[in-house]
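sequence? don't have it. structure:
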């Protein structure tokens with residue numbers, strides 16, 4: 001069964017789209033497992049709290065990278081690969097492309113080293129499809145501001161706009177490469193209904209539905 005990963009800037013709607021696809025698959029009586037990064041396992045959720053919380057004792061760029069990779073390997077070993085082996089569709093909110101975008105693009109860590117560590121952490125497991133929610137930075141910022149009334153910004157959302165510009169530029173570069181699997185780029189300013197329809201059309205074109 002397919003392994004599909006949803007990527008994009010915070011606020012792009014990737015989580016909402018993933019859950020909408022999960023509901024559609026379940027309505028067709030297809031087995032589906034959803035997970036997220038960072039997180040996905042009890043240990044991973046603890047690491048997530050370390051990575052996203054604000055405070056003086058923030059991890060350095062390289063420490064941040066290895067925390068993500070440890071969380072990822074736990075998710076691959078305990079959730080993603082076992083679910084695929086059972087014949088489930090697996091939908092993941094972020095995977096190693098996020099690490100390349102945020103740590104290589106945003107933090108300026110060595111691109112080749114990050115890619116190599118990504119592949120080690122996943123044991124060479126790559127998605128059958130990356131779904132990238134392309135959202136202009138200005139719109140992303142508006143969405144972050146709208147969320148602050150009920151959800152405080154995390155450590156990454158509080159980064160300077162120049163950081164997020166570099167992250168978005170890196171995502172755009174990755175979507176033009178098929179090296180680690182195909183990409184579906186969606187205009188994230190569209191309605192959820194339109195995005196779900198476009199995604200379903202892509203899955204039917206690939207004969208997965």
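Thanks, I have it. Worth saying up front: this structure is predicted, and the values here are computed from it rather than measured. Residues are numbered from 1 along each chain as shown.

mind checking how far the most far-flung residue of the chain relative to its centre is from residue 155?
Largest separation from the mean C-alpha position in the chain: residue 56, at 26.1 Å (Cα atoms, centre = their mean). Distance of residue 56 to residue 155, computed by Cβ to Cβ, to the nearest Å: 12 Å. C-betas here are computed from N, CA, C, even on glycine.

To which secondary structure element type does the residue farthest from the centre of the chain belong?
coil (DSSP: H, G, I helix; E, B strand; the rest coil).

Give me the below-cutoff pLDDT ranges for the chain.
148-151 (pLDDT under 70).

Residue 108 - how many residues pack around it?
Residue 108 is flanked by 11 other residues according to other Cβ atoms under 10 Å.

right, I mislabeled it, should have said residue 59
Neighbour count for residue 59, taken as other Cβ under 10 Å: 14.

ok so residue 6 is a strand residue?
Yes - counting by three-state DSSP, residue 6 falls inside a strand.

Now do the contacts for it.
Applying Cβ atoms under 8 Å, 6 or more residues apart in numbering, one finds that residue 6 lies in contact with 14-15, 17-18, 91-94, 131, 133.

Start from the N-terminal end of this structure and give the helices.
For the chain, the helices defined by DSSP state H occupy 14-27, 42-52, 61-75, 81-85, 96-99, 111-122, 137-147, 161-175, 192-205.

nearest to residue 1, of the ones you listed?
Residue 1 lies closest to helix 81-85 among these, at 6.5 Å (Cβ to Cβ).

Buried ones in that closest one, by neighbour count?
Under the neighbour-count criterion of 16 or more other Cβ atoms under 10 Å, helix 81-85 has 81, 83-84 buried.

Could you tell me how far the residue most central in space within the chain is located from residue 27?
The centroid of the chain falls nearest to residue 94 when counting by Cα atoms, centre = their mean (1.5 Å). Distance of residue 94 to residue 27, given as Cβ to Cβ: 25 Å.

Would you reformat the helices of the chain as a markdown table and include distance to residue 183?
Formatted as a markdown table, these follow (distance: least, Cβ to Cβ, whole Å):
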| stretch | distance to residue 183 |
| --- | --- |
| helix 14-27 | 13 |
| helix 42-52 | 25 |
| helix 61-75 | 19 |
| helix 81-85 | 20 |
| helix 96-99 | 9 |
| helix 111-122 | 16 |
| helix 137-147 | 19 |
| helix 161-175 | 4 |
| helix 192-205 | 11 |
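
No further questions, thank you.
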